[in-house]
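Undergrad: what's the 3D shape of this:
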Amino acid sequence: MVFFSLTIESPESIAGDYEVVPAQFGAVHIEGVKRMQVVDVGNQKTLSRQQMNKKLALVPASKVYNEYDLCFTQQTALAHGVLIIKDTREPPHAMELPLGLKDKITIPCFCISRADGQALSRAVANDTVDAALVGGVVDMWSFGNGSAGQLGLSKADSFVSVSIPRLAVQEKGIQTVACGAQFTLVLLDNGTMFAFGAGEDGQLGNGSFGAASAPVFLEQMAEQSLVKEIACGAAHSCVTGVKKGMWTWGSNDYSQLGHSDGERRVADPTAVPDMAERNVKFIAAGYFHTMACALNHTQTDKEKADYKVLTGDKKKAEMMRGNKSKNISEMPVWLQKAVNSGAEDRVAKLEEKKDQRKLLKMEEVMEKKRKRQDNEVRALYTWGDGGQGQLGHGNLYTEEYFNLHNPITAVTKLRKFTKLPRPRIVEHIMEACKVGPGSIGVITMLTAWGQQSACLTSKGKLLTWGKGEHGRLGHGDENNRNVPTVVKGFVSKGLDELPIKMVAVGQYCMMALTRDSNLYAWGRNRYGELGLSSQLDPDLAKKTAFLSKPTLVKDASKKAVYHICAGDSHLGGPPCSMQNTLPSNDCRCSFN
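TA: The predicted structure follows:
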């Protein structure tokens with residue numbers, strides 16, 4: 001995760017760390033340390049280029065100019081960074097890009113509290129103030145099977161397995177890491193990606209079908225969009241754009257990419273057409289299936305009508321640009337000026353600019369109303385292989401339904417029946433998440449692996465579906481589930497169902513962490529992966545092949561565990577005390 005701080009290095013009287021909040025426009029990442037001298041703009045809009053060149057501009061908020069305009073003006077004056085001083089006593093906030101404007105700022109911009117900003121302003125007036133903007137950097141370590149280059153090691157360590165953690169990436173702003181069967185994706189804080197490992201199905205996304213042991217920069221993905229989320233299937237990759245959209249590439253045997261149906265593999269990052277205009281909040285991938293949670297918003301009838309009128313008038317005005325016909329003259333005068341700019345004298349130009357700002361403000365207000373949190377609807381879409389019910393669409397696409405209605409000789413048609421080539425909404429989730437009595441809340445997390453899927457909701461409910469062998473779904477049996485089903489049994493000392501805050505899905509087992517740090521596990525226990533050996537009778541532990549209901553893992557509960565993960569035959573998670581000392585997500589304490 002991106003980490004920002006402002007450190008004043010001199011003079012000593014005000015030296016120390018200051019809280020700043022990065023803007024939602026401008027440079028999105030600072031890697032390492034960037035040192036600059038602070039210059040105070042004061043009551044002026046900006047200073048000369050000679051005064052501002054390579055400086056950190058300290059600018060008070062203005063009632064005349066918005067925050068974006070102030071920052072852009074400092075960039076034009078050659079400043080290398082901007083600190084906007086908040087004009088109220090509230091904590092600093094994330095400054096937003098005004099609706100309708102394209103982000104042209106390429107320098108880092110931050111908001112600082114009024115008290116801290118005024119303290120810096122006084123210091124600048126009397127002395128030279130040197131500041132350092134600090135961006136979080138992370139080392140990534142890897143170990144294990146590296147035969148396909150999935151460890152990201154180079155030179156002598158390429159394409160070999162190592163049993164001792166090796167430094168793969170040093171001092172980079174790593175946001176998250178995702179692992180497929182034999183390849184790895186790395187997402188940096190600046191929204192760009194690297195990939196390494198097996199590539200025979202195009203899963204690296206670099207346009208080729210060859211393996212790579214050293215991290216490869218995904219240039220094609222960076223040209224299309226910065227990335228917000230990443231997920232890996234067995235041999236396919238999924239990412240979401242920072243603003244909207246979803247891209248997939250790699251193996252497509254079961255149409256798990258959501259595009260290019262009929263093509264067995266795709267080596268280039270390709271947009272999923274059905275997700276192109278959607279704000280995709282969460283994604284997950286199993287071996288051969290894909291899931292995405294898209295954000296939608298509801299509107300009242302009045303809001304819909306107002307929005308329709310404004311957008312309709314604006315579109316008509318744009319079509320009639322430069323035409324003084326009766327149709328356009330019937331529109332509000334200010335809207336005509338806002339859209340049909342072209343005045344020559346200075347006064348008229350200022351009037352047009354004022355009307356344009358009015359239009360942007362109206363659109364911004366409408367957009368904020370539409371995107372209120374209480375209007376939010378999160379829809380789950382799934383596609384790809386549904387043979388074991390992992391897509392959640394009922395009997396559709398399941399092997400069980402196919403076998404009941406087709407002769408044994410029709411087995412050659414099975415794969416065609418069980419694969420879903422395009423994203424389809426999971427209706428059961430939509431019904432369960434509806435506001436009202438019995439609602440389970442909105443989706444807050446998606447995860448999948450193998451042939452099973454899971455999601456968490458804002459009310460702490462865990463739902464699982466897909467393959468049920470070895471009791472891995474946690475419903476008390478080994479039956480498959482073809483619709484999302486709530487898992488029950490998270491109780492402690494007779495209390496009601498405990499809310500879940502995190503879930504990990506392995507190939508044969510699952511693990512859930514409650515909000516009060518109780519850890520539960522269920523599924524196959526062949527290698528002791530459930531972590532229950534010390535609390536079961538030794539003879540019984542050896543005979544316990546699997547557990548089909550959530551069971552409290554006493555040795556790992558109430559240990560301040562903050563993250564959990566699961567593999568094919570092991571589970572793990574670091575406690576909070578290790579949060580600042582772990583080299584990466586690949587280094588974890590495990591029960592095996």
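Undergrad: Which parts of the stretch 151-300 of the chain are helices?
TA: With DSSP state H, counting those that start in this stretch as the criterion, the stretch 151-300 of the chain has helices at 219-224.
Undergrad: ok, which stretches of it are strands?
TA: Along the stretch 151-300 of the chain, counting by DSSP state E, counting those that start in this stretch, strands occupy 162-172, 174-179, 183-188, 193-197, 212-217, 227-232, 236-241, 246-251, 265-271, 279-285, 289-297.
Undergrad: residues in contact with the fourth one?
TA: Okay, so that is strand 193-197. Strand 193-197 has contacts (C-beta atoms under 8 Å, 6 or more residues apart in numbering) with 148-152, 169, 180, 182-188, 203-206, 211-218, 221-222, 227, 230, 237, 239. C-beta here means a position set from N, CA and C on the backbone, and glycine is covered the same way.
Undergrad: Once you drop chain neighbours, what's closest to the spatially most central residue of the chain?
TA: The C-alpha lying nearest the average C-alpha coordinate of the chain belongs to E229 (C-alpha atoms, centre = their mean; 3.6 Å). On the basis of C-beta to C-beta, 6 or more residues apart in numbering, the spatially nearest residue to E229 that is not a chain neighbour turns out to be T240, at 4.5 Å.
Undergrad: residues contacting that neighbour?
TA: Taking C-beta under 8 Å, 6+ apart, one finds V227, K228, E229, M246, W247, V280, K281, I283, A292 in contact with T240.
Undergrad: hey, what's the fifth one bridged with?
TA: The one in question is W247. Note on W247: beta-bridge partners by DSSP bridges are V239, A271.
Undergrad: list the contacts for it?
TA: M221, Q224, S225, C238, V239, T240, G241, P269, T270, A271, V272.
Undergrad: do the second one as well
TA: Under the criterion of C-beta under 8 Å, 6+ apart, the neighbours of K228 are G191, V239, T240, G241, V242.
Undergrad: Domain parsing of this protein, as residue ranges.
TA: 4-135, 138-157+171-277, 301-370, 488-592 (automatic domain parsing).
Undergrad: Now do the second one, average pLDDT.
TA: Computed over domain 138-157+171-277, the mean pLDDT rounds to 91.
Undergrad: same check, this time on the longest one
TA: This predicted structure assigns domain 4-135 an average pLDDT of 89.
Undergrad: mind putting the contacts of T240 in JSON lines, distance to L78 included?
TA: Listed next are the contacts of T240 as JSON lines, based on distance: C-beta to C-beta, whole Å:
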{"residue": "V227", "distance to L78": "30"}
{"residue": "K228", "distance to L78": "31"}
{"residue": "E229", "distance to L78": "35"}
{"residue": "M246", "distance to L78": "38"}
{"residue": "W247", "distance to L78": "36"}
{"residue": "V280", "distance to L78": "38"}
{"residue": "K281", "distance to L78": "38"}
{"residue": "I283", "distance to L78": "40"}
{"residue": "A292", "distance to L78": "42"}
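Undergrad: what's the most distant pair in the residues you listed?
TA: W247 and K281 (15.4 Å; C-beta to C-beta).
Undergrad: thinking W383 is in contact with H289, fair?
TA: Yes: at 7.0 Å, W383 and H289 qualify as touching, with contact defined as C-beta atoms under 8 Å.
Undergrad: neighbour count winner among the two?
TA: Using other C-beta atoms under 10 Å as the criterion, W383 and H289 rank with H289 on top: 32 against 27.
Undergrad: Just to check, that one is in contact with Q390?
TA: Yes: counting by C-beta under 8 Å, Q390 is a contact partner of H289 at 5.4 Å.
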